[in-house]
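J.: A predicted structure for the sequence below; I have some questions about it.
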2 protein chains.
Amino acid sequence: MAGGGPRYEKFERDVVEPEQFLLDERKERIDRVVSQRTRNFTVVLDRLEDNFNMAAVLRTCESMGVQEVHVVINPDAPFIPNSRVAQGCDKWLDVHLYKTFAECREHLKGQGFSLYASALREGATSLYSLRFDTKFAMVFGNERFGVSDDVLSGVDGTFWVPMKGFSQSLNISAAASASISRAIAWRDEHLGGSGDLTPDEAQALRERFYLLGVKQRKRLVKATQR
Amino acid sequence: MAGGGPRYEKFERDVVEPEQFLLDERKERIDRVVSQRTRNFTVVLDRLEDNFNMAAVLRTCESMGVQEVHVVINPDAPFIPNSRVAQGCDKWLDVHLYKTFAECREHLKGQGFSLYASALREGATSLYSLRFDTKFAMVFGNERFGVSDDVLSGVDGTFWVPMKGFSQSLNISAAASASISRAIAWRDEHLGGSGDLTPDEAQALRERFYLLGVKQRKRLVKATQR
């Protein structure tokens, strides 16, 4: 289900040498983004219902270099991120959709991820004590109901953003931002950077982004010619 | 304009010994919150227009122990934080309202604050290089137009949350959360905690929160009796 997000067509291999259609500046931008991408830190959204939150979390992931986002669909609320908030960022992401958390968990476990759910409960680890030097997935649950029992019984642990006020939780886009920015800052500080694609992964992503860049350019040219 | 947020009545001094109406557990909770409050780190919202963002930022501040929030009103968008997102947290805050950024700046400068605006621009400091051991105010600007020229010419500096993707900005509730959580975590780590009210300030806030707690309890009792 990868390939530029669920609402974008799968990228095509029929465009030859897309590089020739892109300005050097654009290519450098793409190369820089690719060099800062990670597939070893990821985010799971379990049955969110607010399209503002969905969009804000996608944008946070994209802007911080998190390439993959895993979404367990809420049967009562279709996954349609608010486009004003997302600003089209999801085309630069791999958004994987699942019908159940079990499917999502199986996929991530198969790839060697530890899963930690954001939840206020006895024994939850402070965000600020977490380490991010192994494959790590942060799971965020529904805005009203929190993380489900399915999630709680399927994760390796829970964490929380330490709260000091009467409000015992953050809005989910705020919780995700505090958590993701912490993870990326930790990786920058302890690993010397957060990008860690293999040369093959980087090459594949670069090609895909060049193609997306060309398509975007074609659209712009068409719009100008109207 | 202090005293529990703009939409709440000014607290009254006519209730004698509110402590007697509160359970010990509730008092301990209030005391703990007060001990973790700061008035030396604060947030300025300059003419926001989205009530979801307003609410999310208030809730982030309250839950992280930031007692004061300064709001420059947007003449085209009244300050009415989304109540579903704020969840009533604003009654535990000092929300100061201003008609212009100049007024807000004068107030904060008079109290010895440095003002830093969140803005992507040449020379902006990384969030992760900022220190939070002096009076520090973070300024966030309008969702569409960013921080205004008034703000840029009136602040001591600008900062940004380092971006690694194609999106060159975060949604404002996400930007505020990444920034505020960083500031509070920095204070915890370097100052041994983020609460720093003087004994007098703490006592005044405790009394006010007891009163608010009693009022809340009275409302609950009334609701039960209906």
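T.: On my side now, so go ahead.

J.: three-state assignment of the residue sitting nearest the centre point of chain A?
T.: Nearest to the mean C-alpha position of chain A, counting by Cα atoms, centre = their mean, stands A:Val69 at 3.4 Å. Look at A:Val69: counting by DSSP: H, G, I helix; E, B strand; the rest coil, its state is strand.

J.: and if you look at A:Lys164?
T.: Secondary structure of A:Lys164, reduced to three states by three-state DSSP: coil.

J.: now it: how far from chain B?
T.: Computed with Cβ to the nearest Cβ, to the nearest Å, the distance linking A:Lys164 and chain B is 4 Å. (Each C-beta comes from the backbone N, C-alpha and C, glycine too.)

J.: so that residue makes contact with B:Val66?
T.: No: because the distance of 9.1 Å does not satisfy Cβ atoms under 8 Å, A:Lys164 is recorded as not touching B:Val66.

J.: shouldn't A:Pro162 be in contact with A:Ser129?
T.: No: here A:Pro162 lies out of contact with A:Ser129, judged by Cβ under 8 Å, at a distance of 9.7 Å.

J.: Tell me which of these two has more neighbours.
T.: A direct count of neighbours by other Cβ atoms under 10 Å in any protein chain shown for A:Pro162 and A:Ser129 places A:Pro162 higher, at 20 against 8.

J.: Apart from its chain neighbours, what residue comes closest to the more buried one?
T.: Excluding its sequence neighbours, the residue lying closest to A:Pro162 (Cβ to Cβ, 6 or more residues apart in numbering or on different chains) is A:Ser126, at 5.4 Å.

J.: For the one you found, give me its contacts.
T.: A:159-160, A:162 (Cβ atoms under 8 Å, 6 or more residues apart in numbering or on different chains).

J.: Mutual contacts of A:Lys164 and B:Val66, please.
T.: Common contact partners of A:Lys164 and B:Val66 (Cβ under 8 Å, 6+ apart): B:37, B:184.

J.: which of the two has more neighbours?
T.: Under the criterion of other Cβ under 10 Å, the comparison of A:Lys164 against B:Val66 puts B:Val66 first, with 27 against 21.

J.: Let me see the ranges of the strands in chain A.
T.: A:41-46, A:68-72, A:94-98, A:114-118, A:125-126, A:136-140, A:157-160 (DSSP state E).

J.: I'd like those as TSV, with distance to A:Leu58 appended.
T.: Below are the strands of chain A laid out as TSV (distance: least, Cβ to Cβ, whole Å):
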stretch	distance to A:Leu58
strand A:41-46	9
strand A:68-72	6
strand A:94-98	7
strand A:114-118	17
strand A:125-126	25
strand A:136-140	12
strand A:157-160	21
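
J.: Wait, the residue nearest to the centre of chain A touches A:Thr60, no?
T.: No: contact criterion Cβ under 8 Å: A:Val69 and A:Thr60 do not qualify, at 9.9 Å.

J.: Tell me how far A:Ile172 lies from chain B.
T.: With distances taken as Cβ to the nearest Cβ, A:Ile172 is found 9 Å from chain B.

J.: out of everything not next to it in sequence, what's closest to that residue?
T.: In this structure, A:Ile172 finds its nearest non-sequential neighbour in A:Asn53, 4.8 Å apart by Cβ to Cβ, 6+ apart.

J.: Run a quick check on the one you found versus A:Ala174, I expect a contact.
T.: No: with the criterion set as Cβ under 8 Å, A:Asn53 and A:Ala174 do not qualify as a contacting pair; they are 9.4 Å apart.

J.: Tell me how many other residues crowd A:Asn54.
T.: In this structure residue A:54 is Met, not Asn. A:Met54 - counted by other Cβ under 10 Å - has 27 other residues nearby.

J.: where in chain A is pLDDT low?
T.: A:1-18, A:217-226 (pLDDT under 70).

J.: show me the contacts for A:Met138.
T.: Under the criterion of Cβ under 8 Å, 6+ apart, the contact partners of A:Met138 comprise A:42-44, A:116-118, A:159, A:176, A:179-180, A:183.

J.: Quick one: buried ones out of those residues?
T.: Buried residues within these, defined by neighbour count using 16 or more other Cβ atoms under 10 Å in any protein chain shown: A:42-44, A:116-118, A:159, A:176, A:179-180, A:183.

J.: what would the contacts of A:Met138 look like in TSV with distance to chain B?
T.: Written out in TSV, the entries for the contacts of A:Met138 read as follows (distance: Cβ to the nearest Cβ, whole Å):
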residue	distance to chain B
A:Thr42	14
A:Val43	13
A:Val44	17
A:Tyr116	17
A:Ala117	18
A:Ser118	13
A:Phe159	13
A:Ala176	7
A:Ser179	9
A:Ile180	8
A:Ala183	11
